[in-house]
Structure formats: structure tokens, C-alpha cells
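**Q** just coords:
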């Protein structure tokens with residue numbers, strides 16, 4: 001959807017940076033996979049700044065409101081950045097809700113094969129969505145993820 005205007009280099013960088021947030025949220029689901037493939041631990045390097053946010057009480061909630069109110073709802077910021085921010089927030093909310101549901105459903109089951117498989121799927125799915133979105137953002141294109149992008153378009157004003 002590049003018809004909304006062209007994205008300059010600054011917009012592309014800021015549009016890609018916001019995907020650190022959902023990747024950091026999904027990182028806790030990657031423990032089983034990282035234990036089997038230690039090379040994946042290098043994915044933690046871009047996520048390190050989020051450790052500062054997580055050290056603050058309610059840091060993720062504060063970051064959510066700051067990004068939503070100061071970026072997504074600010075018409076002075078380019079549509080490209082606002083769309084990518086909203087999409088990253090939606091991915092982060094989805095990861096949080098899936099984690100919440102899994103914590104209730106898998107309570108007391110331990111680390112069985114089903115738990116490991118579900119955690120790996122969540123981690124790899126979020127990783128794939130974030131990498132795809134970052135690549136699209138860096139190239140100046142809108143990342144089209146089914147359902148999530150539609151919801152992001154509905155929330156972001158022109």
C-alpha cells in the first residue's frame with residue numbers, strides 16, 4: 001500500500017524498530033528452541049533494550065500507551081510509522097493473549113511435547129511476522145499480514 005505516500009529513510013528505520021516490542025514479548029516462548037539451537041540466542045541482541053522497559057514496573061503497559069497515544073494517534077507522524085507501530089502493537093497483544101490462554105490451558109502439565117511444540121510455534125510465528133515486517137519496512141513497503149494489517153488500517157487515521 002505505497003499509495004499513501006513514500007517513506008523516507010527515517011520513516012523506514014522507525015517503522016522497522018517498533019517490531020522489537022513483539023519480538024521481545026515472544027522471546028520467552030523460544031526457550032525450548034534456543035536450548036536446542038544456541039545460535040538463535042543471537043536474536044536476543046536487538047531485544048536487549050526491552051530489558052530496560054521490562055525492569056520498570058508496568059513497563060510494557062506504559063510503553064503500549066506511549067506508542068498508542070503519542071505515535072498511532074498523532075496525525076503529525078507519517079502514516080507509514082503509525083501503521084507499523086499499530087501493527088507491532090497488535091502482534092504484541094496477540095502474543096500476550098496466546099500466552100495467557102496457554103498458561104491457563106497448560107497449567108500443571110510441565111514441559112511436555114505439546115507445550116514445547118506450542119511454544120516453538122508461537123516463537124517462530126512471531127519471529128517470521130517480525131522479520132517479514134522489518135524487511136518490508138526497510139524497503140519502504142507496507143507489511144501486509146492477514147487480519148492484523150486490516151485491524152491496523154482500521155485504527156490508523158489517514
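**A** Thanks, I have the structure now. On a predicted model such as this, the values are computed, not experimentally measured, just so you know.

**Q** would you indicate which residues of the helix or strand bottoming out on mean pLDDT in the chain are buried?
**A** Among the helical and strand segments of the chain, the one scoring lowest on mean pLDDT, DSSP states H and E is helix 49-55, with a mean of 83. Within helix 49-55, the residues scored as buried using 16 or more other CB atoms under 10 Å are residue 50. Every C-beta, even on glycine, is put in place using the N, C-alpha and C of the backbone.

**Q** who touches that helix?
**A** 20-21, 24, 59-60, 62-63 (CB atoms under 8 Å, 6 or more residues apart in numbering).

**Q** what about residue 142, which SS state?
**A** What DSSP: H, G, I helix; E, B strand; the rest coil gives for residue 142 is coil.

**Q** got the phi/psi numbers for it?
**A** phi -80, psi 130 (degrees, to the nearest 10).

**Q** ok, residue 85 touching residue 72?
**A** Yes: in this structure, residue 85 is within contact of residue 72 by CB atoms under 8 Å, at 5.4 Å.

**Q** spit out the residues that contact these two alike.
**A** Counting by CB under 8 Å, 6+ apart, residue 85 and residue 72 have no common neighbour.

**Q** quick check: next helix or strand after the helix or strand hosting residue 128?
**A** Element membership for residue 128, per DSSP states H and E: helix 113-138. Later in the chain than helix 113-138, the nearest helix or strand by DSSP H and E is helix 148-155.

**Q** hmm, who's touching that next one?
**A** By CB under 8 Å, 6+ apart, helix 148-155 touches 72, 83, 86-87, 90-91, 94, 129, 142-143.
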